[in-house]
Each structure stands twice: as structure tokens, then as C-alpha cells.
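**Student:** output the structure for:
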Amino acid sequence: MEKAIDIVIVGAGPAGLAVAASLARHGLRPRIFERGGSPAWSWVGHYPTLRLHTSRAISQLPGLTLQSATSYPDREELLRYCANYARELALDVAPDHDVMALRRDGERWCVETSQGDYFAQHVVVATGFFSGPRVPEWPGREQFQGVWLSPGDLGAENDLNGRKALVVGLGNTGADMIAELARRGARVTVSVRGPVHAVPLEIVGVNVFRWAQWLPELSVAAARRVGEGVAARVARLSAIVWATVQERGFGDLRAYGLELASSEEILADQKNGHPPVVGGAWTRLLREGSLSVRAEIARITPEAVEFIDGTRESFDAILPSIGLEESRFRIAGESSSPLRDGAVPDKPNLWLCGTAPALRHIRRSAPRIAAQIAAAMRQSDGE
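**Tutor:** As a prediction, the model looks like this:
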């Protein structure tokens with residue numbers, strides 16, 4: 001018997017849940033396929049000390065308040081919130097449905113899942129921008145005599161007290177790992193490729209992302225009204241402002257072996273969508289002497305890790321934190337257009353949500369996508 005559904009959403013993470021709730025406001029009830037056993041399943045694998053850098057006020061999804069013991073929800077609070085969100089809003093979540101492929105079948109989509117094929121008029125891909133941690137193939141990687149740990153491994157009771165741990169990369173995950181390793185008594189070193197762009201968690205008591213909502217939007221507004229030239233100047237001004245915020249918040253760290261990003265480097269990060277490191281617990285450890293800095297890894301030998309500046313040191317554990325493998329919504333297939341939330345231009349009735357990996361973006365884009373799908377369905381029904 002053919003299984004037909006008007007709208008399928010792939011992924012029951014925050015993006016998929018938000019689109020489903022927004023569609024419900026238009027009288028539509030999509031089916032959400034989740035590969036795991038519960039909503040936001042991929043968050044289960046995140047390290048247990050994960051805490052959002054966006055305040056709960058701008059992290060909550062449409063239709064339900066995010067309750068948190070502090071201003072910044074942790075992993076468990078977010079998991080509970082997503083489960084409550086699906087339950088309170090009566091969303092149709094189908095767990096243990098791994099979507100393996102999408103293919104066009106006449107005027108509709110065939111959604112191939114681990115539980116069989118389904119057919120839908122509209123499909124929203126909300127699987128997330130990333131998959132798992134990225135681990136470079138450093139020369140000699142297989143010769144390392146210690147243990148390799150991922151962020152998720154920090155939930156296990158690994159005995160790291162007094163051990164030497166090397167965190168590779170100083171992004172937000174790396175900064176969290178440094179803090180957790182130090183809490184466990186490890187002797188922590190971080191390997192960095194170059195200058196680091198950092199921002200404080202709050203500026204005069206207001207979450208940094210509240211401030212960040214304005215400067216990038218000024219650039220967009222300028223581009224619409226007076227052209228790309230003015231927009232580029234506004235973007236440069238934005239980068240200068242953030243460089244000043246960085247300097248005031250963290251000072252000069254070169255004496256500790258770390259250089260902060262210049263305004264030009266911040267501008268490049270903004271253009272490439274690279275987020276800054278938020279918060280400063282790692283800078284406190286650096287100033288206290290509890291965190292050492294090394295250059296980029298050159299190679300790994302059985303005895304030590306060698307760095308590009310010629311120094312070498314032995315470690316008991318290495319924790320790569322140089323980013324995540326980009327899934328880039330592979331299930332949606334190749335597209336000739338850049339990835340943006342909304343309709344995929346060259347694929348009828350296929351939609352993306354969550355291309356900007358931040359809850360504050362999802363809460364804005366989900367209602368817009370739902371309204372567009374509802375309008376498309378009304379138009380189709382009227383034909």
C-alpha cells in the first residue's frame with residue numbers, strides 16, 4: 001500500500017521541529033522523520049558540558065518558551081526542550097526513520113527511509129549543516145601511542161587527571177574542551193593555526209549575539225538601499241568594531257603565545273561564515289599558566305607530536321577540534337544555487353531549513369518557510 005503524505009520534514013532537530021510547528025499554524029500537519037530515537041537525537045552525542053552561547057530568549061523556537069535554570073541553556077535542557085516542544089505542540093515525529101535518499105517521482109517526491117518509501121508533495125530537509133568531527137590525516141597519525149578523543153568522549157569517565165592532553169583547534173568546541181579538561185585536572189595544550197577571533201559572552205550585561213544581530217543586518221540593509229560598495233564599507237566598519245570589542249575584552253595575549261585576529265581577518269571570517277570563539281574561560285587558563293599554546297601540527301611520531309615551528313612534545317591524548325565535516329544537506333542532492341533557507345530553486349517543492357547553524361536564525365526562517373509552503377499548497381489546490 002502506497003504511503004502518501006502532503007509534507008515530509010527530514011530531521012527532528014530544532015530546525016525540523018520549528019518548521020513543523022510553523023506549518024501547524026497554517027493548518028498543515030507534516031510528518032517528521034528522525035533517524036534517532038527521539039527529537040534532537042544528534043544532540044545526544046554532543047559533549048555533556050555543552051552550553052549555548054545564545055541566551056534562552058533568542059534560542060527558543062516559535063510557539064514555546066525555553067525554560068532554563070540560567071540565561072544560557074545546557075545540552076540536557078535543550079534536549080528536554082525539544083522533546084517537550086514535540087509533545088506540547090503535538091508534532092508528528094516518526095523516530096528511527098533514517099532517510100537515505102530523495103528522488104523525484106513525477107510531480108512528487110519519493111522519500112526512501114529505513115522503514116520503507118513514502119511519497120510527498122513537499123519535502124523540507126532540516127538535517128543540519130554538519131555531521132561528525134573532522135580529523136585531518138596528519139602524517140604519522142596511526143603511530144600515535146596515546147588515545148584519540150572526540151568531544152562526545154568527554155561524557156565518559158576518562159581518567160585525565162595529571163595527563164597531558166592536546167586540543168587541536170581553538171573554536172567554540174575547542175574552548176569548551178579546554179575548560180572541561182582543565183576541570184578534570186589534565187595538563188592542557190592547544191594547537192592553533194593562526195590568529196583567533198574571540199568575543200566576550202556578554203557586552204555590558206547583554207548577550208553578544210543580541211549586539212551581533214545589528215551590524216550584519218546593517219550591511220544587508222545598505223546593500224539593498226545604496227549598493228554593494230556601501231555595504232562593503234559597512235562590513236569593514238563592523239569588523240573594526242568587533243576587533244575593538246575583542247581588544248577591550250581580552251587584551252594582548254601574544255606574551256602567552258596566542259595572537260588575536262585583526263579587523264581584516266575578522267572580516268574574512270564573517271564573509272566565510274566562521275563564528276568567533278565566545279567567552280573567555282580559556283583566556284583565564286592561559287593567563288594562569290594552566291593552558292599552553294603550540295603551533296599547527298606538522299606530523300606525529302610514536303614518541304611525540306611535531307609542530308611546524310620545529311618544537312615537539314609528547315601527549316597522552318589528542319582531541320581534534322578543527323571543525324565538523326559538512327554534510328551540507330547532502331540528502332537534498334547537488335544544487336546550482338548557494339545553500340540558503342527556503343526553496344531550492346532548481347528542485348520543485350524541495351526546501352531547506354537550518355543552513356545557518358544557529359537557533360536564532362532558525363526561529364526567524366522557519367515561519368517564513370512554512371508560510372511559503374502553505375501558499376504553494378493553496379495555489380496547487382486552486383488549480
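**Student:** could you pull out the helices for this protein?
**Tutor:** Using DSSP state H, the helices of the chain run over 14-24, 56-59, 75-88, 172-183, 208-212, 214-226, 228-250, 263-272, 281-288, 359-382.
**Student:** would you tell me which one of those is buried the most?
**Tutor:** Across the helices of the chain, averaging neighbours per residue (mean count of other C-beta atoms under 10 Å) puts helix 14-24 on top, at a mean of 28. Where you see a C-beta, it was placed from the backbone N, CA and C, and this is true even at glycine.
**Student:** packing partners for that helix?
**Tutor:** Contacts defined by 3 or more C-beta pairs under 8 Å, 6 or more residues apart in numbering; DSSP states H and E place helix 14-24 against strand 4-10, strand 31-33, helix 75-88, helix 359-382.
**Student:** could you redo these as JSON lines and give each row mean pLDDT and distance to Glu112?
**Tutor:** JSON lines is the format used below for those (pLDDT from 0 to 100; distance: least, C-beta to C-beta, whole Å):
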{"stretch": "strand 4-10", "mean pLDDT": "93", "distance to Glu112": "11"}
{"stretch": "strand 31-33", "mean pLDDT": "98", "distance to Glu112": "11"}
{"stretch": "helix 75-88", "mean pLDDT": "96", "distance to Glu112": "23"}
{"stretch": "helix 359-382", "mean pLDDT": "91", "distance to Glu112": "21"}
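**Student:** what about the stretch 201-350 of the chain, any weak spots by pLDDT?
**Tutor:** By pLDDT under 70, the weakly predicted segments of the stretch 201-350 of the chain are 214-228, 323-338.
**Student:** Leu319: what's it in contact with?
**Tutor:** If you count contacts by C-beta atoms under 8 Å, 6 or more residues apart in numbering, Leu319 has them with Trp148, Leu149, Ser150, Pro151, Ala165, Leu166, Val167, Val168, Met177, Leu181.
**Student:** partners of it in the sheet?
**Tutor:** The residues listed as beta-bridge partners of Leu319 by DSSP bridges are Val167.
**Student:** about what we covered before: need the worst-confidence member of the contacts of Leu319.
**Tutor:** Of all these, Pro151 carries the smallest pLDDT score, 80.
**Student:** count the residues that sit near that one.
**Tutor:** Using other C-beta atoms under 10 Å, the number of residues around Pro151 comes to 23.
**Student:** apart from its chain neighbours, what residue comes closest to it?
**Tutor:** Nearest residue to Pro151 in three dimensions, chain neighbours excluded: Tyr47, at 4.2 Å (C-beta to C-beta, 6 or more residues apart in numbering).
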